[in-house]
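A.B. asks: The amino acid sequence is not available; the structure is as follows:
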């Protein structure tokens with residue numbers, strides 16, 4: 001049975017999910033594809049991974065680079081697992097494009113890659129917000145483009161609203 005917990009972040013509420021050992025989901029309130037793969041009998045419970053995730057989020061939103069990651073177990077096909085593993089290789093404060101990721105995977109279908117990125121079940125820790133369009137534009141973020149922009153600004157991958165860099 002899955003466990004869930006709710007937290008508040010500077011960008012709104014999030015729902016965390018766990019299988020009891022690892023984090024299986026982290027979705028912003030109102031996020032597209034939220035709760036995909038979550039069992040219907042999920043119950044609110046305390047889990048050690050939720051405390052670890054809360055600590056990670058606190059550091060992250062304080063503008064720090066957490067030097068640990070809670071155990072992650074995203075649920076998805078083998079192809080999606082490969083895409084999500086590749087997303088985790090994009091460093092903090094850096095970005096990649098859908099095309100670059102498709103080439104790295106040897107993926108002939110950028111659309112399939114985009115769908116896998118968009119259905120990432122563990123926002124932030126699997127950093128799909130770091131993926132940009134071919135022209136460097138902010139495209140497609142299930143949590144909302146305003147959040148994607150805020151996350152990239154927090155990481156220093158975009159200039160602050162006043163035009164300065166972090």
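C.D. replies: Thanks, I have the structure now. All of these numbers come straight from a predicted model, not from anything done at the bench.

A.B. asks: in the chain, which spans are helices?
C.D. replies: Assigned by DSSP state H, the chain shows helices spanning 48-61, 78-87, 98-105, 110-118, 145-154.

A.B. asks: helices or strands up against the lowest-mean-pLDDT helix or strand in the chain?
C.D. replies: The weakest-scoring helix or strand in the chain, judged by mean pLDDT, DSSP states H and E, is helix 110-118 (a mean of 88). Judged by 3 or more CB pairs under 8 Å, 6 or more residues apart in numbering; DSSP states H and E, helix 110-118 is in contact with helix 78-87, helix 98-105. Backbone N, C-alpha and C define where each C-beta goes, glycine included.

A.B. asks: circling back to that earlier point, export the helices of the chain to JSON lines and append columns for mean neighbour count.
C.D. replies: Formatted as JSON lines, these follow (neighbours: other CB atoms under 10 Å):
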{"stretch": "helix 48-61", "mean neighbour count": "17"}
{"stretch": "helix 78-87", "mean neighbour count": "17"}
{"stretch": "helix 98-105", "mean neighbour count": "16"}
{"stretch": "helix 110-118", "mean neighbour count": "18"}
{"stretch": "helix 145-154", "mean neighbour count": "18"}
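
A.B. asks: So for residue 12, which of the helices and strands packed on helix 110-118 sits nearest?
C.D. replies: Among those, helix 78-87 comes nearest to residue 12, with 21.3 Å by CB to CB.

A.B. asks: which residues touch the closest one?
C.D. replies: For helix 78-87, the external contacting residues (CB atoms under 8 Å, 6 or more residues apart in numbering) are 74, 76, 101, 104-105, 112-113, 116-117, 119-120, 122, 126-128, 130-131.
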